[in-house]
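Novice: Next come a sequence and a model predicted from it.
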Amino acid sequence: MKNYRFWSVQKCRLIKMLTLTLLLSVIFISSTQARTVAFTAPTGTIEQYQMIEYKFVVTNPVATNGFTDVTIASTFTPSGKSAIIVNGFCDSNDGTLFYQRFTPVQTGQYSYTIKFTDSQGTETYTGTFNVVAGTRKGFALPNKDHGGTYVYKFTYSNGEFFMPSSQTAWMLLDCTDAQWKAYIDRTAARNQNVLRYAFEGDLYNGTKIDALNCWPMGGTRNSPDFNSFNLAYWRKVETILKYAEDKNILAELVLAEAYQSYSAPWTTLHKYLDYVVARLSPLTSVFMYETFNESTNNKPCQKEIGDYLDLIDPYKHPIAPSPGTQAEPLYGSESWVDVSIYHSCTGSDGLESRYYTWALGALKYNKPAWCDEMGREVRHNNNNAEHRRKQLWTLNIAGTHWNYHSGEGCEEIQDITYTGPGSQYIQYIQPFWKVTDWLNLKADDNVFSPKPMSQYCHAMRAPNEIVSYFVNETAGAATSAGTFGLKAPDAGTVTVMFYNPKTGTYFTNYQQTYTASAKDMILTVNYPAFTDDLVMRAYTLAGPQVSISAVSTIIKTGTAATFNVVASVPAGSAIASYQWNLGGTLQNGTGTPAASVPKIFTTAGEYDVTLSITDNGSPAKTAISGIVHIKVVDNFPPVISKVMYELTGTLNPTTSIDRTTITNKVNEKLDFLVQATDAENNTLTYAWDLDGNGSYETSGQNVQKTFTAAGTVNGSVQVSDGISTPTMRAIQIKVNPLTPSAFLEAGGLVSMEAENMTASDSRIDPGNLTWTTASSQASFSGTGYIQTANSGSGNGDWVNAAETSYDVKFATTGTYKVWIRRYAPDGASNSVYIGLNNIALASIDNGEIGAWGWYKFAEKFTISAAGTQTVQLRRREDGYIVDKIVLSTDANYDPSVLNGGLGPVESNNESGIIINTPPVVSIAAPTASSSFTLGSTIDVTVNATDNDGIEFVDFYAGSELIGTASTLPYTINWTPTAVGTYTISAFAQDSKGASSTSTSVTIIIKSNTSLITNSTKANVISVYPNPFTTNLFVHGVTNGSMEIYNNTGSRIRSLKITNIESSIDLSNLYTGFYIIKINSQNGLAQSAKINKL
């Protein structure tokens, strides 16, 4: 039914295109310079699964928008087969460059017809080409043609083994070249073969990756243009996918975060998906498309993505949605869903009760099952390396797949040195499963008689093989050696081996062979002592086996690559013949191949090498080795042996270590030295990117740089011999801000920016959290603030919780009040401990939510002697933000009234470090208590000085910004729009970012008309403002009284008026309308209605 709908849709497309072509053919085109199209077709040998590309260069384009006003519709027809319909795409914003991509999946002759259509007409191109068999593996797809009764696995198009070993790399597509290359290299070193990217990924707010933005459409995320595409981004993605594919890593692309609220009609969505399929689907590096990330929202949109991709993608990449944490795969029964995906983003849950049970449940839809994300170490407290290894093996032993999810692929993705817990064990998983019959293995615990031990254990079985996984769920628990009963996988010689998943090695002393007279015969098997977990493989050799390895995978043209061969056949059989495939060149032989074979390559290039052997049985059986990738070069590239960087004066070329990262402080100078060799002794040149912008600004083998700003610099060094592609090594410099040795108390006051801590310690925090500096929450003081990750971790206590400490040198003894300026993101992140010299205060601040504020602890610090003391903050709830800490002996001290609520400037310290002194700012005019008539223009003048120069001055009336000045004199003209009392203040910032707020002055704006008048014009009584919030002003009465009545006529207050200008505090009145009656000195009584807000 899917294929029928696919061809129906494509047929409709062709009919529409032919109609458009006929209409366009009769349109008269008038142009002084006619549009022309230069068409280029690929040449040379075309291999099966090799993407080919047709190029169109347009001169004098007539299309206003090449993305919407031009179509490229093509058919590729294999000999004797149905036509395959594909579309091309625009690759230039000016409509001058287009491509048609196609990947042949069959061998033999193809014919093609390509139609390029714009408003000027249609250009038609036809031709043929021949496709030959090669060594390319094709697309990785669900193995729907598997002969069993289930579809739980994947294979490449050529039938080769493919078992996903996946990792999330969420925003990697927007990282720097040095970052994504280092990340992919690290992934390849672990034998992983899939990376899960946010292709169109929203910002992950609240983490270190806020600045990254994966946006494929035109415009910006906040102002999108869905009629164009971000070509620079698409080209970068293709570069990354190619780099990863060269290391055998495929891409799982999450397509549509921005469409989560999108609804029919689907025109814009289809336009995006058409471009995805035209540009990316022909790439064999693309493994799977995912609709939304962790979202059960908008099923109609997710279904439309799946259905539409299924119709237009001729290569049938797997499609799936993904939910948040839940056992049930999202939309698992839907026909458009090819993979049963669920998430388990939680902490260290039970292997049996959660991971194994959920995995088996996901298999019920007869599709490959996949735990697309597991809990991260910080956010989900999944931080035990041993337990994370057990999670991965548990999912595999159920016959399902997994995605390793860590801060390494999320919050820490830009840190080229960060590795998540348990990641060191991933490299040992793929090599084990590659030698098994993974495709036919199926969960089956009925293989023991009896079950070997009390620990958690499960097994899988294929016709000639059994694999079992034994686990102690408690980390570090040991199991003694012993025996168990195992059913023979088949009759014949049974080999039993035990594998250590922690080291990737076999227990060689426990490899055993048994003779089984029948399938399921009970064998008594000896197993070794082990800690944590153990893997068993038992198999009956049913055919030949062969493997090869290369002594060196990079060789020079004209020299031999030496391959080591291990080949075997069952007892009673012999190897009859063998065949080498040397990157498409076949070499045949008879008998057993030699154990070490040299092969000479005369042409530079990259070659996939395999060896197949055939036995002498009837019928004969053939086995093929895994692929060994050989790179043949005319000139060896330079080899970087060592990259060193140390503080100036400490680098020693002999003893300094080979680094990938270093931590230093602001204004410290570093020496950098790279050592490299070249096989041909070519002259080497060296270039350094030490500011992390991707360009190499410094040359030389030994260079220096002073880092003047705090932050992390992800740079690189490049070594070139002038012939080969330069060799690059990523480097990282973490520059810490200057940290005072001890803050100096002066005059009974000490003020400390929280980010300028003396020390930080996790102190066995129950959530493995630490205090870190951040700056994404606006309106902080200084250069930032400190926060623990808002990860949902359990509460800390004074003994076991992350700590940050501040040394203070006290000169004044006495009792100190303690203030902190803090921000609570939510109700579960609003408390902290504070203490002195490891003694806690009893109080815990339960701060207000979602706003900066000052909190004064009820308890106090008592300083009985001069000297250095240590103030400590320790985590209670996670996610809490602290900006500043202030201690004062003044019982009436209030830091909230200083510097616009930011508090006092930071105190000096023993090391002499002064954090940029803020400006001195004051109101010069108007003076306090000045009064003006409504409608008057008031000159507001500010005096502001600073050693670094004033950047700007903001003027405020209350909280309202009324003007800004950036040059002398700092003056604005302001015309108030309502009567009342106004508080005027100024905020000044210097050229280095330090700021301060003036002391405020209060002025009065009077009405220019009377609210209440008596019959004598010379004696005017005014009452203002109206409405009012707190104070009501009465003008014109010197010896009288005022009575206030509520709306029922009851008098609720009576007071005397003695001054001609009186301010009356009515803040305790409820909101509503009141009647006031004023009795003046001449005996007249006057009334008015007022409104209390």
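Specialist: Happy to help now that I have it. Please read these numbers as outputs of a predicted model, since none were measured by experiment.

Novice: Run through the bridge partners of the residue lying closest to Asn143 once chain neighbours are set aside.
Specialist: Among residues not flanking Asn143 along the chain, Thr155 sits closest, at 4.6 Å (CB to CB, 6 or more residues apart in numbering). Where C-beta positions appear, they are placed from N, C-alpha and C, glycine not excepted. Thr155 has these beta-bridge partners by DSSP bridges: Leu141, Phe161.

Novice: I'd say Thr155 and Lys137 touch.
Specialist: No - Thr155 lies out of contact with Lys137 (CB atoms under 8 Å); the separation is 9.2 Å.

Novice: Quick check: neighbours shared by those two?
Specialist: Counting by CB atoms under 8 Å, 6 or more residues apart in numbering, the contacts common to Thr155 and Lys137 are Phe162.

Novice: Flag the shaky bits of the stretch 351-500 of the chain, pLDDT-wise.
Specialist: 453-455 (pLDDT under 70).

Novice: Helices along that one, start to end?
Specialist: 357-362, 385-397, 429-434 (DSSP state H, counting those that start in this stretch).

Novice: Please identify the most buried of those helices.
Specialist: Greatest average neighbour count among those goes to helix 385-397 (a mean of 23), per mean count of other CB atoms under 10 Å.

Novice: Identify the residues contacting that helix?
Specialist: 348, 351, 355-356, 359, 371, 374, 382, 401-402, 404, 420-422, 424-426, 429, 433, 443, 458-460, 467-469, 471, 473, 475-476, 501-502, 532-533, 535.

Novice: Stretch 222-239 too?
Specialist: Applying CB under 8 Å, 6+ apart, the external contacts of stretch 222-239 come out as 65, 67-68, 90-93, 173-174, 199, 214-219, 258, 268, 271-272, 275, 279-280, 283.

Novice: Just the terminal-to-terminal distance for stretch 573-588.
Specialist: Taking CA to CA, to the nearest Å, stretch 573-588 runs 20 Å from one end to the other.

Novice: In it, which residues have enough neighbours to count as buried?
Specialist: For stretch 573-588, burial by neighbour count (16 or more other CB atoms under 10 Å) applies to 573, 575-583.

Novice: and the contacts of stretch 222-239, which are buried?
Specialist: For these, a burial check counting by 16+ other CB under 10 Å picks out 67, 90-91, 173-174, 199, 214-218, 258, 271-272, 275, 279-280, 283.

Novice: Quick one: the helices in the chain, in order.
Specialist: 2-25, 177-189, 231-245, 267-279, 299-312, 357-362, 385-397, 429-434 (DSSP state H).

Novice: and the third one, C-alpha only, in PDB?
Specialist: Spelled out, that is helix 231-245. Extracted in PDB, the C-alpha atoms of helix 231-245 (Å, rounded to 0.1, in the frame of the first residue of the first chain):
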ATOM      1  CA  LEU A 231      23.000  27.400   2.900                       C
ATOM      2  CA  ALA A 232      26.000  27.900   5.000                       C
ATOM      3  CA  TYR A 233      24.500  25.700   7.700                       C
ATOM      4  CA  TRP A 234      23.600  22.900   5.100                       C
ATOM      5  CA  ARG A 235      27.100  22.900   3.700                       C
ATOM      6  CA  LYS A 236      28.600  22.700   7.200                       C
ATOM      7  CA  VAL A 237      26.300  19.800   8.000                       C
ATOM      8  CA  GLU A 238      27.400  18.000   4.900                       C
ATOM      9  CA  THR A 239      31.000  18.500   5.800                       C
ATOM     10  CA  ILE A 240      30.400  17.100   9.300                       C
ATOM     11  CA  LEU A 241      28.500  14.100   8.000                       C
ATOM     12  CA  LYS A 242      31.200  13.300   5.400                       C
ATOM     13  CA  TYR A 243      33.900  13.600   8.100                       C
ATOM     14  CA  ALA A 244      31.900  11.300  10.400                       C
ATOM     15  CA  GLU A 245      31.100   8.800   7.600                       C
END
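
Novice: Please compute how far it lies from its chain's middle.
Specialist: Using CA atoms, centre = their mean, to the nearest Å, the mean C-alpha position of helix 231-245 is found 17 Å from that of the whole chain.

Novice: Then the second one?
Specialist: Between the mean C-alpha location of helix 177-189 and the chain-wide mean there is a distance of 15 Å, by CA atoms, centre = their mean.

Novice: what's in contact with that helix?
Specialist: Contacts of helix 177-189 (CB under 8 Å, 6+ apart): 167, 169, 172-173, 175, 195, 240, 243-244, 247-249, 413-414, 416, 419, 427, 689, 692, 694, 714-716, 728, 730-731.

Novice: Just the buried residues from these, in ChimeraX please.
Specialist: Paste this into ChimeraX to select the buried members of the contacts of helix 177-189, with burial taken from 16+ other CB under 10 Å:
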select :167,169,172,173,175,195,240,243,244,249,413,414,416,689,692,714,715,716,728,730,731
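
Novice: what's stretch 152-163 in contact with?
Specialist: 49, 105, 136-143, 146, 164, 193, 363, 366-369, 399-401, 430, 433-434, 438-439, 442, 626.

Novice: 6 Å instead?
Specialist: Here stretch 152-163 makes contact (CB atoms under 6 Å, 6 or more residues apart in numbering) with 137-140, 142-143, 368, 399, 433, 438-439.

Novice: on that earlier part again, list buried residues within the contacts of helix 385-397.
Specialist: Neighbour-count burial (16+ other CB under 10 Å) is assigned, among the contacts of helix 385-397, to 348, 351, 355-356, 359, 371, 374, 382, 401-402, 404, 420-422, 425-426, 429, 433, 443, 458-460, 467-469, 471, 473, 501-502, 532-533, 535.
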